[in-house]
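> Fold the following, please.
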Amino acid sequence: LAQRITRGEVPEMLLNKRIVTLDIGSLVAGTKYRGEFEERLKKVIEELKSAGNCILFIDEMHMLVGAGAAEGAVDAANILKPSLARGELQCVGATTLDDYRKHIEKDSALERRLQPITVDEPNIEDTIEILKGVRARYEEHHGLTISDEALESAAELASRYVPDRFLPDKAIDLVDEAASRVRIKRSYAPPPLQEAAKGLDSLRREKEEAITAQQYEFAAELRDREVKLQDKLEGMQTGWKEETKEDAPVVSAEDICEVVAMWTGIPVTRIASEESQRLLQMEDVLHEKIVGQDEAILNIAKAVRRARAGLKDPRRPIGVFMFLGPTGVGKTYLARVLSEFMFGSEEAMIKLDMSEFMEKHNVSRLIGAPPGYVGYEDAGQLTDTVRRKSYCLILLDEIEKAHPEIFNMLLQIFDDGHLTDAKGRRVDFRNTIIIMTSNVGSDLIRKEGSLGFSVTTDEASDAAAKHEKMKEKVLSAMKNVFRPEFINRLDATIVFHSLTKAHIREIVTNEMKQVIEQLKTKGVTLELTDAALDWIGEKGYDPLFGARPLRRVIQSEIEDRLSEAVLEDRFKEGDKVKVDVQNDEIVLENVSEPALA
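Below is the predicted model of the structure:
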């Protein structure tokens, strides 16, 4: 308004007006005696009346209510009311909707004297115009150039990835921080200049020591050298500053992306060629650890690539998947491996064991307890974690064991990509991958006799037919457990394939790699014969419990024996241990010593 008045872009009645800001804090500060604050405020009102051409602006207007009020005193709002009612004072105030409701609406007489005007959040196009308006100030302050694409990128990325603040404020902060980062990167002096500055400092110290030791002739010589070096340094600094002025750095869209990635942890930077290659080969990386689940890996990889290329639905999570199938075929393990691939660690995954949420009242643990209940101040287990780390993988393990109320709550996350916690804060789930695992229908498969395991290893068509039959039964059982609106919101329902003996043999190799790595830290090399691998696979193959019995066989037959041998000092650092089978028993053999049964 003030700028428009100075430019003359206002109606004639406003042309000679002045905007005056009233600082309530300064008005209250230092008032020691009763009536002192009221006297100050009355003087302000009288001055405004006598000037006649002033529009009073009060920032944080809710502070008027109760300001200066003490026992027997009158607060600022009551002093201003008569002047506002008579039209002696033209006043503009600013406050938030929450503060207006809490403070001004309580005082209905003050509310009646004020005309509320709601200032809505500007859209992305308006924000870009606002950023162009303030660009010159930031360019001058940081000593660089801010490109148009950086402003557009700031408005779009702030709107999409910074949900808990409003435009244009968050976009301006993005531009400011990106500009300061670019400036800091360029503000390091070149090495010759740094060396000259260090030389000058050491020369000054030497001169001080010479004066202290009363070596005045030597000190005078050092002073002359100091003056010469000072002149040289100033010349170098001037030249460097001129160079940096001529070659002013530019803030690009990539710099804005870096700041967004730093704020939110979401990789929004342009995809480097190495990363794009890694994403294209994602299936191969996951196949190294996950055996026999091509369909699941393909669906997950497609969803991640869509999100990273910026082509996913901006209102929904990256992907919502339901993993079904028999126990022990790698449903939870795939989620762990995916977390390691995307975030570098299995710990980056938010795992919720849904068997902990079997009771109805446990639902509140996910979003926080409602007001008036014990634990209201504590954070929600799901919402608070996602609010702080919005780019993550959420694993809801054994989902069918949760109370049905939880399914109703998840509907909003799946469709709208957000959830409101107990404190009324909106939590953004648009940058999460949600994976649910379930053993629904496993009892039906058990009745078939093989629980998802193929009896033959060479008849691929037979295995495929069995899988289709199992898939049909499992999906039918799923429809009985989950509501149609829940199933309809899933991106993919993946029924995991049965594991054959060939798959189990592959899993043995993968599991033994971990044991070999652990022994390497002790300086012992382990090698297994094909016969040993086949024997472990045969013993660990259980058509009722999937791949989990295999882990127990490796533990009892390999790890237990190795640990005993290491503790008994039978294997020393540098030894090579061979694992073989003799008389249907595992044998540990030191290459340089006789066999140990």
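> What is the longest helix seen in the chain packed up against?
If you go by DSSP state H, the chain has its longest helix at helix 216-246. The contact analysis (3 or more Cβ pairs under 8 Å, 6 or more residues apart in numbering; DSSP states H and E) places helix 216-246 against helix 191-212. Where C-beta positions appear, they are placed from N, C-alpha and C, glycine not excepted.
> Pull out the buried positions in the helix it packs on.
Neighbour-count burial for helix 191-212 flags 196, 200, 203, 207, 210 (criterion: 16 or more other Cβ atoms under 10 Å).
> before we move on, back to that, tell me the angle the longest helix of the chain makes with helix 191-212.
Angular relation of helix 216-246 and helix 191-212 on a 0 to 180 degree scale: 160 degrees, by axes from the mean of the first three to the mean of the last three Cα atoms, to 10 degrees.
> helix or strand right after helix 216-246?
strand 250-251 (DSSP states H and E).
> Would you check that residue 85 makes contact with residue 110?
No: contact between residue 85 and residue 110 fails when scored by Cβ atoms under 8 Å: they sit 10.3 Å apart.
> Looking at those two, which has the bigger crowd around it?
Of the pair residue 85 and residue 110, residue 110 is the one with more neighbours under other Cβ atoms under 10 Å, namely 19 against 12.
> elements contacting the helix or strand the more buried one falls within?
Residue 110 belongs to helix 108-113 when assigned by DSSP H and E. Identification of packing neighbours for helix 108-113 by 3+ Cβ pairs under 8 Å, 6+ apart yields helix 76-86.
> List the contacts of the helix it packs on.
Helix 76-86 is contacted from outside by 24, 27, 37-38, 41-42, 45, 49, 63-68, 89, 91, 107, 109-110, 113-114, using Cβ atoms under 8 Å, 6 or more residues apart in numbering.
> how far out from the middle of the chain is that helix?
Its chain's C-alpha centre and that of helix 76-86 lie 48 Å apart, by Cα atoms, centre = their mean, to the nearest Å.
> Now go through the contacts of helix 76-86 and say which are in strands.
With strands defined by DSSP state E, the entries of those inside them are residue 91.
> Report the buried members of the contacts of helix 76-86.
If we count by 16+ other Cβ under 10 Å, these have these buried: 24, 27, 37-38, 41, 45, 63-65, 67-68, 89, 91, 107, 110, 113.
> Could you chop this structure up by domain?
2-113, 121-270, 278-495, 501-590 (automatic domain parsing).
> what would the ones you listed look like in JSON lines with mean pLDDT?
As requested, the domains of the chain are exported to JSON lines (pLDDT from 0 to 100):
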{"stretch": "domain 2-113", "mean pLDDT": "82"}
{"stretch": "domain 121-270", "mean pLDDT": "81"}
{"stretch": "domain 278-495", "mean pLDDT": "79"}
{"stretch": "domain 501-590", "mean pLDDT": "75"}
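> tally of neighbours for residue 154?
32.
> thinking again about what came up before, quick check: buried residues in the longest helix of the chain?
Applying 16+ other Cβ under 10 Å to helix 216-246 flags 219, 222, 226, 229, 236 as buried.
> And for stretch 106-125?
For stretch 106-125, by 16+ other Cβ under 10 Å, it's 107, 110, 113, 122.
> quick one, what contacts the second one?
Spelled out, that is residue 110. Taking Cβ under 8 Å, 6+ apart as the test, what residue 110 contacts is 64, 65, 77, 81, 104.
> From those residues, pick the one nearest residue 58.
For the contacts of residue 110, the closest approach to residue 58 (Cβ to Cβ) belongs to residue 64, at 6.7 Å.
> how much space is there between that closest one and residue 417?
Residue 64 sits 40 Å away from residue 417, going by Cβ to Cβ, to the nearest Å.
> for residue 356, same thing?
Going from residue 356 to residue 417 by Cβ to Cβ gives 25 Å.
> Secondary structure element holding residue 312?
Judged by DSSP H and E, residue 312 forms part of no helix or strand.
> ok, it to residue 285 distance?
21 Å.
> Quick check: buried residues in stretch 476-491?
477, 478, 482, 486, 490, 491.
> got the end-to-end distance for it?
18 Å (Cα to Cα, to the nearest Å).
> quick one: contacts of it?
Contacts for stretch 476-491 (Cβ under 8 Å, 6+ apart): 299, 303, 319-322, 324, 400, 407, 410-411, 414-415, 438, 440-441, 444, 493.
> Now, those residues that are in strands?
Checked against DSSP E, the contacts of stretch 476-491 include these in strands: 319, 320, 321, 322, 324, 493.
> tell me which of the residues you listed is nearest to residue 550?
Checking those one by one against residue 550 (Cβ to Cβ), the nearest turns out to be residue 324, at 21.5 Å.
> who are the neighbours in contact with the closest one?
Listed by Cβ under 8 Å, 6+ apart, the contact set of residue 324 reads 331, 437-441, 474-475, 478, 493-496.
> What's the ChimeraX syntax to select whichever of those are buried?
Typed into ChimeraX, the line below selects the buried ones among the contacts of residue 324, using 16+ other Cβ under 10 Å:
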select :331,437,438,439,440,441,474,475,478,493,494,495,496
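> Closest to residue 248 out of the contacts of residue 324?
Looking across the contacts of residue 324 and measuring by Cβ to Cβ, the closest to residue 248 is residue 494, at 53.4 Å.
> so what's the closest one bridging to?
residue 323 (DSSP bridges).
> returning to that earlier point: can you give the distance of the following helix or strand past the helix holding residue 110 from its chain's centre?
Downstream of helix 108-113, the next assigned helix or strand under DSSP H and E is helix 124-142. What separates the centre of helix 124-142 from the centre of its chain is 27 Å, taken as Cα atoms, centre = their mean.
> Give me the buried positions along helix 124-142.
127, 128, 130, 131, 135, 138, 142.
> residue at max distance from the center of this protein?
Residue farthest from the centre of the chain, counting by Cα atoms, centre = their mean, is residue 217 at 64.7 Å.
> so how far is residue 106 from it?
From residue 217 over to residue 106 (counting by Cβ to Cβ), the distance is 82 Å.
> now swap in residue 130 and tell me
For residue 130 relative to residue 106 (Cβ to Cβ), the value is 33 Å.
> Equivalent analysis for residue 495, please.
59 Å.
> swap in residue 438?
From residue 438 to residue 106 the distance is 51 Å (Cβ to Cβ).
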